[in-house]
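J.: Fold the stuff below for me.
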Amino acid sequence: MNAHKRATLVATLAAMYFVVACDRRSDPVEPGVVADAATMSVNGAEWSEWSVPVNLGPTVNSPFADNIPDVSRDGLSLYFSSNRPGGSGAGDLWVSRRASVDDAWGLPVNLGPTVNSSAGDLGPNVSPDGHYLFFTSNRPGGLGLNDIWVSRRADVHDDFAWEAPVNLGSPINGPEFDAGPELRRPEFYFVRGPAGTAFDIYVSSVKGNSFESPQAVVELNSSANDLRPSVRYDRREILFSSDRPGGVGGEDIWVSTRQSAAEPWTVPVNLGPLINTPFTDTQPSLSEDGTVLFFTSNRPGGSGLVDLYMSTRRVIPRE
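T.: Got it, this is the predicted structure:
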C-alpha cells in the first residue's frame with residue numbers, strides 16, 4: 001500500500017473510530033425538550049453566578065505544571081496534563097478519580113505508555129459517551145506541528161483501558177498547530193494556528209463517519225490567541241481563553257452564548273474579576289451538566305507553576 005492510500009485509510013479509520021459509537025445523549029437539547037437527568041437542567045432555567053474559584057489542592061496539584069483539565073460525564077474522573085515526575089515525556093496525560101461527586105479527588109495516576117509518549121501529550125477531552133479520549137501531541141506520525149489524536153476504550157468505567165491512539169488525520173490535522181479538541185456532536189471544536197501566529201477556534205461538522213472541512217468560528221476569534229473551547233451540553237454556551245484586549249490579566253476566560261445550536265455565537269464577554277485575575281487564567285472545561293468550571297491558573301496560592309482550579313454555579317428554575 002503506498003503512503004497516500006495508507007494516510008487516507010488511517011484518517012478514515014480515525015473518524016470511524018469514534019463517530020459510530022457516539023452516545024446520542026450528547027445530541028443538542030432543542031426548545032421544548034427536557035434534557036436527561038444527568039444534565040440536571042430544567043427547561044427555561046437560568047444560571048447563577050460562578051462561585052469564587054477554589055484550588056484543587058496538593059493531592060491533585062504538584063510543584064510542576066498541572067493544566068488543561070477535563071472531567072468525565074459522570075464527574076468521577078478528572079483528566080489533565082502535567083510534566084510532573086513519573087511520566088513518559090515532556091508532558092503526559094494523568095487522571096484523578098473519586099468515588100462520588102461528594103468525595104475529594106484522589107492521587108493522580110499517569111495513563112501509561114499506551115497513551116503517553118516521549119513527546120508532549122496534552123489537552124485531554126473525553127467524549128460525552130466516555131468511549132473516546134482526544135488530545136494533542138507532537139509525537140512522530142503527525143501531519144503538522146501538533147496534531148489531534150484519539151484513543152478508544154470499551155469500558156467507560158476503566159480509566160486505564162485506553163487503546164493505542166490514532167491520528168485523526170485530514171481535514172482536522174494539517175501542517176499547523178492543531179489542539180484543544182472538544183467533541184460536542186454533531187460539532188467538533190478545536191484550535192489551529194501556524195507557527196508564530198495567534199491561534200483561532202475552528203469547528204468541523206461530524207457527518208456519518210467523517211469530518212467536514214473545518215471552518216473558523218469568526219464570531220469568536222480575534223487577532224489575539226483564542227484557545228481551548230469548552231461547549232455546554234446543549235451547545236448554547238461556549239467558554240474559551242484568550243489574551244485579547246479587555247481582559248483582567250495576561251490571559252482570561254471568556255464566554256459566548258447563542259439562542260439555538262443553529263445560530264451564530266454572540267460577541268464574547270469576559271467572565272470578570274471573580275474568575276479572572278491579573279495573572280493567567282486559562283483552559284476552561286465545563287462539567288457535563290454545566291455547573292462546574294475547571295480551569296488552569298498561575299495565580300498566587302497554588303502548589304506549582306500552574307494549578308487546577310474549580311468554580312461552581314447552580315441552575316435557577318424560572319417561576
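
J.: can you give me the helices in the stretch 1-150 of the chain?
T.: 3-19 (DSSP state H, counting those that start in this stretch).

J.: so where's it shaky on pLDDT?
T.: 1-45 (pLDDT under 70).

J.: which residues of the stretch 151-300 of the chain fall in strands?
T.: Secondary structure of the stretch 151-300 of the chain (DSSP state E, counting those that start in this stretch): strands at 166-167, 177-184, 187-193, 200-207, 210-211, 215-216, 226-231, 237-242, 252-257, 269-270, 281-286, 292-297.

J.: Any chance of these in a markdown table with mean neighbour count as columns?
T.: In short, each C-beta sits where N, CA and C put it, glycine included. Output for these, formatted as a markdown table (neighbours: other CB atoms under 10 Å):
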| stretch | mean neighbour count |
| --- | --- |
| strand 166-167 | 20 |
| strand 177-184 | 24 |
| strand 187-193 | 23 |
| strand 200-207 | 19 |
| strand 210-211 | 17 |
| strand 215-216 | 12 |
| strand 226-231 | 25 |
| strand 237-242 | 24 |
| strand 252-257 | 22 |
| strand 269-270 | 14 |
| strand 281-286 | 26 |
| strand 292-297 | 24 |
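
J.: nearest to residue 83, of the ones you listed?
T.: strand 292-297 (12.9 Å; CB to CB).

J.: Now do the closest one: everything it contacts.
T.: Applying CB atoms under 8 Å, 6 or more residues apart in numbering, the contact partners of strand 292-297 are 50, 53, 66-71, 75, 78, 239, 241, 253, 275, 277, 279-287, 306-313.

J.: now it against strand 281-286, angle please.
T.: Angle, strand 292-297 to strand 281-286, by axes from the mean of the first three to the mean of the last three CA atoms, to 10 degrees: 160 degrees.

J.: could you dump the helix or strand following strand 292-297 to PDB, C-alpha only?
T.: As assigned by DSSP states H and E, the chain's next helix or strand after strand 292-297 is strand 307-312. Only the C-alpha atoms of strand 307-312 are listed here, as PDB (Å, rounded to 0.1, in the frame of the first residue of the first chain):
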ATOM      1  CA  ASP A 307      -2.500  24.700  39.100                       C
ATOM      2  CA  LEU A 308      -6.000  23.400  38.500                       C
ATOM      3  CA  TYR A 309      -8.900  25.300  40.000                       C
ATOM      4  CA  MET A 310     -12.700  24.900  40.000                       C
ATOM      5  CA  SER A 311     -15.800  27.100  40.400                       C
ATOM      6  CA  THR A 312     -19.400  26.200  40.600                       C
END
